[in-house]
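J.: quick one: sequence and predicted model below, then my questions.
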Amino acid sequence: MSKNILIAPSILSADFANLKDEIKKVELAGADWLHIDVMDGHFVPNITIGPQVVKSLRKETNLTFDVHLMIENPLKYIDSFAQAGADYITVHYEACENNIDEVINKIKSNNIKTGLSIKPKTPISVLKPFLNKIDLVLIMSVEPGFGGQKYIETSTEKIRLLKNISPENLILEVDGGINQETAKLAVEAGADALVAGAYVYGANDVKQAINSLKIV
Ligand code: DX5
Ligand code: ZN
């Protein structure tokens with residue numbers, strides 16, 4: 001039995017001087033979602049884009065915007081990203097340990113989908129109280145901050161464990177170091193969606209690269 005795996009190219013590896021075309025490129029090549037990595041220079045050591053860029057991109061594509069907030073105090077920025085056109089907003093457990101319910105409710109109040117992410121060293125057990133309240137879990141398979149890193153092998157077991165305790169309609173998404181080989185590991189362990197930056201944007205044939213992630 002095969003299932004349809006959602007592929008979310010990450011624009012972190014796109015040419016930022018040419019984002020409109022870079023998005024069209026993956027849309028035409030069969031991407032399901034567009035993964036947008038937001039970094040603040042505090043939660044992670046890198047800085048990327050803010051709501052204004054998301055708003056501009058929203059006019060250029062109908063792809064689902066999968067916005068990954070790698071920022072401190074996400075509560076403060078949820079409304080801006082939702083108004084800019086996010087379809088999913090995923091926040092980090094580590095960035096809002098003390099007010100996760102408030103953050104989840106804030107995302108939901110914007111009538112968009114809610115995601116929670118954990119870094120490679122955070123155990124999946126911390127997610128248990130929230131699994132029935134959210135739409136997506138994003139398992140980081142690299143330390144967040146940069147594209148083009150190597151998949152951390154222990155992520156596969158985390159996906160498997162999470163799959164075992166997840167409600168059926170919860171989407172398990174995996175982010176970091178995804179290529180044809182690691183996609184197989186992640187999907188066999190239970191992943192429903194895969195983020196891929198360097199692998200997709202570095203490919204000569206983007207369509208072929210996206211398709212190769214769907215075949216396991
Ligand atoms: C890393 C980001 C990822 C990154 C993935 O902090 O969250 O989404 O773009 O890039 P690759 O697929 O190159 O590992
Ligand atoms: Zn990401």
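T.: Perfect, I can see it now. Ligands and ions are numbered 1, 2, ... in the order given.
J.: the helices in this structure, which residues?
T.: 19-28, 51-58, 78-84, 100-109, 155-165, 180-189, 198-201, 206-214 (DSSP state H).
J.: quick one, which of these is nearest to ligand 1?
T.: Nearest to ligand 1 among these is helix 198-201; the distance by C-beta to the nearest ligand atom comes to 3.3 Å. Every residue, glycine included, has its C-beta placed from N, CA and C.
J.: what helices or strands is that closest one leaning on?
T.: strand 6-9, helix 19-28, helix 206-214 (3 or more C-beta pairs under 8 Å, 6 or more residues apart in numbering; DSSP states H and E).
J.: let me know which of the helices of the chain is tucked in deepest.
T.: helix 198-201 (a mean of 23; mean count of other C-beta atoms under 10 Å).
J.: can it be said to contact ligand 1?
T.: Yes: Helix 198-201 is in contact with ligand 1 by C-beta under 6 Å from any ligand atom, via 198, 199.
J.: and stretch 5-12, by the same measure?
T.: Yes: applying C-beta under 6 Å from any ligand atom, one finds stretch 5-12 touching ligand 1 at 10, 12.
J.: ok, stretch 137-153 next?
T.: Yes: residues of stretch 137-153 contacting ligand 1 under C-beta under 6 Å from any ligand atom: 142, 144, 145, 147, 148, 149.
J.: mind checking how far the residue lying closest to the third one once chain neighbours are set aside is from residue 8?
T.: Leaving out its chain neighbours, the residue that sits closest to residue 145 by C-beta to C-beta, 6 or more residues apart in numbering is residue 44, at 4.0 Å. To residue 8, residue 44 is 19 Å away according to C-beta to C-beta, to the nearest Å.
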